[in-house]
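Participant: Here is my input; please provide its structure:
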Amino acid sequence: MRKLLLMVSLIPLLINCTNQEAGIRIIKSNVELIDIKDGDRLIKQNWRISPQINPDVFETSSNQVTFYTDLDSITCQVGPEKDSVDFIIVLNEKDTSYTRVKYIPPYLDKLKAAADYNSTPNDSLPPFTYQSKDDSVLVNLREYYNLDSIAGRGSEVNRMINLMRWVHNVLRHDGSSYNPDSKNTIDLIKICQLEERGVNCRMMATVLNECYLAMGYPSRYITCMPKEKEFNDCHVINMVYSSQLEKWIWMDPTFAAYVMDEKGELLGIDEVRERLINDQPLILNPDANWNRQTTQTKDYYLENYMAKNLYRFSVHLNSRYNSETAGAYPTVEYVELLPLNMDWQEDTKSEWTSKKTGVHYTTYRLNNPKQFWQKPVE
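Facilitator: Residues are numbered from 1 along each chain as shown. As a prediction, this is how the structure comes out:
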């Protein structure tokens, strides 16, 4: 028995020696959520230690990444010549998480290669629609939260910004949270307050979209995606049409962000994408932030994070209340905008019906940006 106990006690030491010999460093943590410094940007409680994923990969275009636990820290140097570094996080002295920092070329390079579209329209695409502010559900929403007061009495653009900031402040962003069954503004805000929890970017953009519609502003929430067909991260923001500016403008409730040119004029998603590709000036509003904790910078937010997610887009054809709740409508239609240099191009129209809900789904695909970003019909 004594010999068996001695052998068991030596196992962690043997594992540690083996890893050290293999050049794999080890750090410890007693908490599941840890901080990461990606380049110059510190992100609090951004990384969830996941022993079940092997390896758990953190992708970066920076040359240096540091992981901070409550007990340890580790800095990894990566780049074109050394594209990955492996290490181990031991969680609560028992669970081993094999972790990898992987260098990828800057997302902006990928985006610049996706500049080309074409002018061929998808003739099967029906008109985009925007639910009327006089619809009873939107009237109820407007009165329930007194949105007129939240928007204020300023210019149309200022009212739009005020509504975006209200959503940013009333909801906390949590990208790893589960989505509740009912996904409309009133129910989302209620459950977040009741459970003291956050929601992901899609839910935040859904709330802002419904608020804009309730105020009579044509709006869509846009799923902004990377080049890869299968991906772990995308971002959802809003485009709202300003009759004052006669254009769509970018609004992001997750980061309380909007974007301007060198003259201070607000820009739309298509304009930001084009300016990134052409290295033209972009200005991020100085109060852009994540959960009122981390300030956003143009370098990270636009040239890194959004450069990754401005490769292709998806949007609901019909912008309306409760559109994210499964089974709320018998038919759901999406429109996707794809650049020409994608490795794959799917059919211009595809359809399927959910056996579980009976909802019929249709997706229309375009390579024509003018058709995708068309102005709302008055």
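
Participant: Check the offset of stretch 332-341 from the chain's centre.
Facilitator: Counting by C-alpha atoms, centre = their mean, to the nearest Å, stretch 332-341 is centred 17 Å from the centre of its parent chain.

Participant: Ends of it, what's the gap?
Facilitator: Chord length of stretch 332-341, first to last residue, is 28 Å (C-alpha to C-alpha, to the nearest Å).

Participant: Buried residues of it, list them for me.
Facilitator: Buried positions in stretch 332-341, judged by neighbour count with 16 or more other C-beta atoms under 10 Å: 332-339. Just so you know, the C-beta spots here come from the backbone N, C-alpha and C atoms, and that holds for glycine as well.

Participant: Is residue 66 within a helix or a strand, and which one?
Facilitator: Using DSSP states H and E, residue 66 maps to strand 64-68.

Participant: Paired strands for that strand, with orientation please.
Facilitator: strand 33-38 (antiparallel), strand 73-77 (antiparallel) (DSSP bridges).

Participant: Can you check my assumption that residue 192 lies in a helix?
Facilitator: Yes - Residue 192 forms part of a helix when assessed by DSSP: H, G, I helix; E, B strand; the rest coil.

Participant: Count the neighbours of it for me.
Facilitator: 20 (other C-beta atoms under 10 Å).

Participant: how near is it to residue 182?
Facilitator: 12 Å (C-beta to C-beta, to the nearest Å).

Participant: TSV for the buried residues of stretch 332-341, including distance to residue 97?
Facilitator: Shown next, in TSV, are the buried residues of stretch 332-341 (distance: C-beta to C-beta, whole Å):
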residue	distance to residue 97
332	38
333	41
334	36
335	40
336	36
337	38
338	36
339	36
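
Participant: for those, which one is nearest residue 352?
Facilitator: residue 332 (10.6 Å; C-beta to C-beta).

Participant: Would you state the strands of the stretch 51-200 of the chain in chain order?
Facilitator: 56-60, 64-68, 73-77, 84-91, 95-103, 129-130 (DSSP state E, counting those that start in this stretch).

Participant: Any idea which of those gets closest to residue 258?
Facilitator: strand 129-130 (20.3 Å).

Participant: Touching the closest one from outside, list them.
Facilitator: Strand 129-130 is contacted by residues 213, 218-219, 317-320, 376 when judged by C-beta atoms under 8 Å, 6 or more residues apart in numbering.

Participant: For it, which strands pair with it and how are they oriented?
Facilitator: When DSSP bridges is applied, strand 129-130 pairs with strand 318-319 (parallel).

Participant: what ranges of the stretch 251-378 of the chain fall below the confidence cut-off?
Facilitator: The model of the stretch 251-378 of the chain has no residue with pLDDT under 70.

Participant: what are the ranges of the strands in it?
Facilitator: 259-260, 283-284, 289-290, 294-295, 312-316, 318-319, 331-337, 349-353, 360-366.

Participant: Now distance to residue 234 too, for these, in TSV please.
Facilitator: Shown next, in TSV, are the strands of the stretch 251-378 of the chain (distance: least, C-beta to C-beta, whole Å):
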stretch	distance to residue 234
strand 259-260	18
strand 283-284	20
strand 289-290	16
strand 294-295	20
strand 312-316	9
strand 318-319	19
strand 331-337	13
strand 349-353	19
strand 360-366	16
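
Participant: Next, count neighbours for the nearest residue to residue 128 once chain neighbours are set aside.
Facilitator: Excluding the flanking residues, the one nearest residue 128 by C-beta to C-beta, 6 or more residues apart in numbering is residue 317, at 6.0 Å. Neighbour count of residue 317, defined by other C-beta under 10 Å: 18.

Participant: can you tell me which residues contact residue 317?
Facilitator: Residue 317 neighbours (C-beta under 8 Å, 6+ apart): 125-126, 128-129, 333-335, 364.

Participant: Could you export those residues as JSON lines, including distance to residue 82?
Facilitator: Output for the contacts of residue 317, formatted as JSON lines (distance: C-beta to C-beta, whole Å):
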{"residue": "125", "distance to residue 82": "47"}
{"residue": "126", "distance to residue 82": "51"}
{"residue": "128", "distance to residue 82": "47"}
{"residue": "129", "distance to residue 82": "52"}
{"residue": "333", "distance to residue 82": "46"}
{"residue": "334", "distance to residue 82": "41"}
{"residue": "335", "distance to residue 82": "42"}
{"residue": "364", "distance to residue 82": "44"}
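
Participant: Closest one of those to residue 290?
Facilitator: residue 334 (27.7 Å).

Participant: Show me what that closest one bridges to in the sheet.
Facilitator: residue 316, residue 363.

Participant: mind listing what it touches?
Facilitator: Contacts of residue 334 by C-beta under 8 Å, 6+ apart are 314-317, 361-364.

Participant: ditto for residue 96
Facilitator: Residue 96 neighbours (C-beta under 8 Å, 6+ apart): 51, 88-90.

Participant: cool, and residue 306?
Facilitator: 224, 235, 272, 276.

Participant: Which pair in the residues you listed has the greatest spatial separation?
Facilitator: 235 and 276 (14.3 Å).

Participant: Distance to residue 178 and pLDDT for the contacts of residue 96 - can I get that in CSV?
Facilitator: Putting the contacts of residue 96 into CSV (distance: C-beta to C-beta, whole Å; pLDDT from 0 to 100) gives the following:
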residue, distance to residue 178, pLDDT
51, 20, 95
88, 29, 96
89, 24, 97
90, 28, 96
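
Participant: what's the closest of those to residue 98?
Facilitator: Nearest member of the contacts of residue 96 to residue 98, counting by C-beta to C-beta, is residue 88, at 5.9 Å.

Participant: Run through the bridge partners of the closest one.
Facilitator: With DSSP bridges as the rule, residue 88 is bridged to residue 26, residue 98.

Participant: Having no further points to raise, I will conclude here.
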